[in-house]
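Chemist: Predicted model follows, preceded by the sequence.
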Amino acid sequence: MDENIAEAIEAAPAAATSDAVVAETFRVKMTTRNVNVHYAEKHALRDVTLDIGEREVTALIGPSGCGKSTYLRCLNRMNDTIDICRVTGRLELDGQDIYDDSVDVVQLRASIGMVFQKPNPFPKSIFDNVAYGPRVHGLVSDRADLDRLVEQSLRKAGLFDEVKDRLGDPGTSLSGGQQQRLCIARAIAVGPEVILMDEPCSSLDPIATARIEELIDELRQNYTIVIVTHSMQQAARVSQKTAFFHLGDLIEQGETPRIFTNPRDEKTQGYITGRFG
Amino acid sequence: MTDSAQSVLISGQKEKVRRGLDRRLRSERRFRAYGIVAIVLAVLMLLFLVGTIVSNGYSAFSQTWIEVDVLLDGELIAPDGKTDPETLREDGDFRGALIETLVADYKPEGRAQEDLLVAMFSTDAEWTLQRHVIANPDLIGRKISIWVKSSSDIDQLTKGAVRRDSPESGRRLKDLQLRWYDRMTAENRVETRFNSGFFSSGDSREPEQAGIWGAIVGSFLTMLVTLVLAFPVGLAAAVYLEEFAPKNRLTDLIEVNINNLAAVPSIVFGLLGLAVFLNFFELPRSAPLVGGMVLALMTLPTIIISARASLLAVPPSVREAALGLGASRVQVVSHHVLPLAMPGILTGTIIGMARALGETAPLLMIGMVAFIVDIPGGPTDASTVMPVQIYLWADSPERGFVEKTSGAVMVLLVFLIVMNASAVYLRKKFERRW
């Protein structure tokens, strides 16, 4: 496993070669300070303080139930939909408190898109799947603009060439990997600045996974990406920053190569070498 | 563990498994046999039920007609010589003309025998004659042949429901009438026709004139009111409870009460309708409007429960996807959840409506059990509904209403089957997979 991760780090172009460059241009997109989450009585997340860098991929790793998905869902306030969930602490997007009363959650989610664990296209046509977000937010005024936007989004998600002749087919008729790319295209179409991905490859085969990972690397040019993953190779391959969660605590965070080659905490060490998790 | 010890264990184990296996297979066969027996029993009962109803009721759809010669005596029909429809309707003594000719033809002796002769024809006969003459006033003065409905007793005789060999005192049809009937049959003056009146007229005290159309229209108006009230309210309640309401004690209490309401005997809703709608709000008695309101109350819990189940069955991933794109909660529901849940909601609604269509008890309480001859023209007119019509006819002593009762049951069953079939069709058609 260690060797795999080392290889992955070698192979990851940005992480290994342009460490210095990244450090120079590093700009914080989202900051979170002392984030606590309670599900009824359960304290699911404790005092998490983490900065998300602009136009880079931050991977959240950790064993099941460690709170990494909970944290991710705090970032676009998806936890709002759960009645028993209570979030405290300060979460900011470009310096603006996203839990402030003046923030409209609908608008927030337009700038922070989300891709889920299981591909979940709407039972509608491929075109309508991508067009849904822009339509809801009224981003386009006429059909030609919409067509362009849909094509652009599908191209960015690397799906356009595969589906250009059957945009009217139901989104659910695609393969798992294609469905997940459709969901990414759907998220991109709204024009977000941040994309949250909750284990986007966990239900995909290795080839589809590789395709998504390539895509994540491309998307990094334009978007800030936070990805939850169970695969440490994946975290090593696609991310520049990694944060390790354990039982609701943020144990360690830092540059991905450093976390995987020289972890400071023994829990991190234990997890990435496969001793627990 | 040595090899031999292990092999002993294995052979002992095999023996045990084999013995257990026999038992398991036996119980599986037994279980299957129970299932088959249960289904066969159910099917037999159903066949018996449907068979009884059909064999009793199919004859309600036919009717005996008798051809009579009538001398259209100008003295009786148009005494002052005017033949415009108005005068004919007002002054024409068509019954007199009919009786005069019948008496001349069949020669009854005395008043009693004359009455027996007249009793062989429906009281509808003179109206048939009247309509015919009003349409053709130039026939007056001539002798015509015309087909008229027989009385219900003769109708039953034609259909074989009357025993000729029983003693005359025990029969409604006397020997003399049987002789006349035989003479008519010999002269080819008796004919069985499709009973179109059954589907076009309202209730009547005379079985041969009673129809179910008034009840069908009443049922339709009642169902319309029920649907208009129960569907939107039920849908809104279900969507709110399932998608928006916080989960707390109050909503739990509401949920429990809705479930309890679904189990409340329907007559209780009738009493409620009587006390509130009729006595307090003083809405019209016997009206489909009130019947529909009562049935809407009764159907609401069914619609809410089935709609909530359908909403719950929509995968949360669809909601998350839409929420994640920045759709508001109302948009999530109206764009995604509701369309996906609609087939289930419609199915539940139709099944609830089908139950309401067959409901009698609550409608008795609000006076829809009255004897109403007219076809209702609107939801505030007095009317009855199909199941109540069946109840009324089943209560009537005349032999002719037996077949009417079963015939009406058949019509009601057809409506119910059509509604349930459309529920299945809708579910199949709009069911989407994801």
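Modeler: That came in fine, so what should we check first? Owing to the predicted nature of the structure, the values given are computational and were not obtained by experimental measurement.
Chemist: Just the helices from chain A, written as ranges.
Modeler: Under the criterion DSSP state H, helices of chain A are mapped to A:2-11, A:13-17, A:19-25, A:68-75, A:105-111, A:126-137, A:143-156, A:160-163, A:176-189, A:206-219, A:232-238, A:256-261, A:266-272.
Chemist: Show me what from the stretch 101-250 of chain B comes close to chain A.
Modeler: With CB under 8 Å from any CB of the partner chain as the criterion, the stretch 101-250 of chain B meets chain A at residues B:246, B:247. (C-beta placed from N, C-alpha, C; glycine too.)
Chemist: those strands in the stretch 101-250 of chain B, which residues are they?
Modeler: All strands of the stretch 101-250 of chain B, identified by DSSP state E, counting those that start in this stretch, fall at B:143-149, B:190-194.
Chemist: Looking at these, which is nearest to residue B:208?
Modeler: Shortest distance between residue B:208 and those, using CB to CB, is found for strand B:143-149: 5.5 Å.
Chemist: could you say what helices and strands that closest one packs with?
Modeler: Strand B:143-149 sits against strand B:62-71, helix B:125-135, with contacts defined as 3 or more CB pairs under 8 Å, 6 or more residues apart in numbering or on different chains; DSSP states H and E.
Chemist: Just send the ones you listed back as a markdown table, with mean neighbour count, distance to residue B:265 and mean pLDDT too.
Modeler: Formatted as a markdown table, the helices and strands packed on strand B:143-149 follow (neighbours: other CB atoms under 10 Å in any protein chain shown; distance: least, CB to CB, whole Å; pLDDT from 0 to 100):
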| stretch | mean neighbour count | distance to residue B:265 | mean pLDDT |
| --- | --- | --- | --- |
| strand B:62-71 | 20 | 39 | 92 |
| helix B:125-135 | 18 | 44 | 90 |
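Chemist: Give me the neighbour count for the residue in the stretch 151-277 of chain A positioned nearest to chain B.
Modeler: Residue nearest to chain B within the stretch 151-277 of chain A: residue A:172 (5.2 Å; CB to the nearest CB). Neighbour count of residue A:172, defined by other CB atoms under 10 Å in any protein chain shown: 18.
Chemist: I'd say it and residue A:123 touch.
Modeler: Yes: if you go by CB atoms under 8 Å, residue A:172 and residue A:123 touch, sitting 5.7 Å apart.
Chemist: separation between the residue nearest to residue B:311 when sequence neighbours are not counted and chain A?
Modeler: Leaving out its chain neighbours, the residue that sits closest to residue B:311 by CB to CB, 6 or more residues apart in numbering or on different chains is residue B:242, at 4.3 Å. In this view, residue B:242 and chain A are 13 Å apart by CB to the nearest CB, to the nearest Å.
Chemist: Can you read off the pLDDT for residue B:242?
Modeler: The score at residue B:242 is 92. That number is its pLDDT.
Chemist: how about it, what does it touch?
Modeler: B:307, B:308, B:311, B:312 (CB atoms under 8 Å, 6 or more residues apart in numbering or on different chains).
Chemist: For these, please prepare TSV with the additional fields neighbour count.
Modeler: Listed next are the contacts of residue B:242 as TSV, based on neighbours: other CB atoms under 10 Å in any protein chain shown:
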residue	neighbour count
B:307	28
B:308	23
B:311	21
B:312	14
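Chemist: just those residues now: which is nearest residue B:419?
Modeler: When these are compared for distance to residue B:419 (CB to CB), residue B:307 wins out at 17.5 Å.
Chemist: For residue B:391, which non-adjacent residue is spatially closest?
Modeler: Computed as CB to CB, 6+ apart, the closest residue to residue B:391 that is not its neighbour in sequence is residue B:360, at 5.6 Å.
Chemist: can you tell me how far the one you found sits from chain A?
Modeler: For residue B:360, the distance to chain A (CB to the nearest CB) stands at 42 Å.
Chemist: number of nearby residues for that residue?
Modeler: Using other CB under 10 Å, residue B:360 has 18 neighbouring residues.
Chemist: Tell me if I'm right that it and residue B:389 touch.
Modeler: No: contact criterion CB under 8 Å: residue B:360 and residue B:389 do not qualify, at 9.7 Å.
Chemist: who's in contact with residue 189?
Modeler: No chain in the question, so chain A it is. A:130, A:131, A:133, A:134, A:149, A:150, A:153.
Chemist: my bad, chain B
Modeler: B:66, B:67, B:68.
Chemist: Only the buried residues of stretch B:414-424, if you could.
Modeler: Neighbour-count burial for stretch B:414-424 flags B:415, B:416, B:419, B:423 (criterion: 16 or more other CB atoms under 10 Å in any protein chain shown).
Chemist: Can you flag which of those belong to helices?
Modeler: Those of these mapping onto helices are B:415, B:416, B:419, B:423, per DSSP H.
Chemist: want to throw the residues you listed into JSON lines with distance to chain A and pLDDT?
Modeler: Below are those laid out as JSON lines (distance: CB to the nearest CB, whole Å; pLDDT from 0 to 100):
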{"residue": "B:415", "distance to chain A": "33", "pLDDT": "93"}
{"residue": "B:416", "distance to chain A": "32", "pLDDT": "92"}
{"residue": "B:419", "distance to chain A": "27", "pLDDT": "90"}
{"residue": "B:423", "distance to chain A": "21", "pLDDT": "86"}
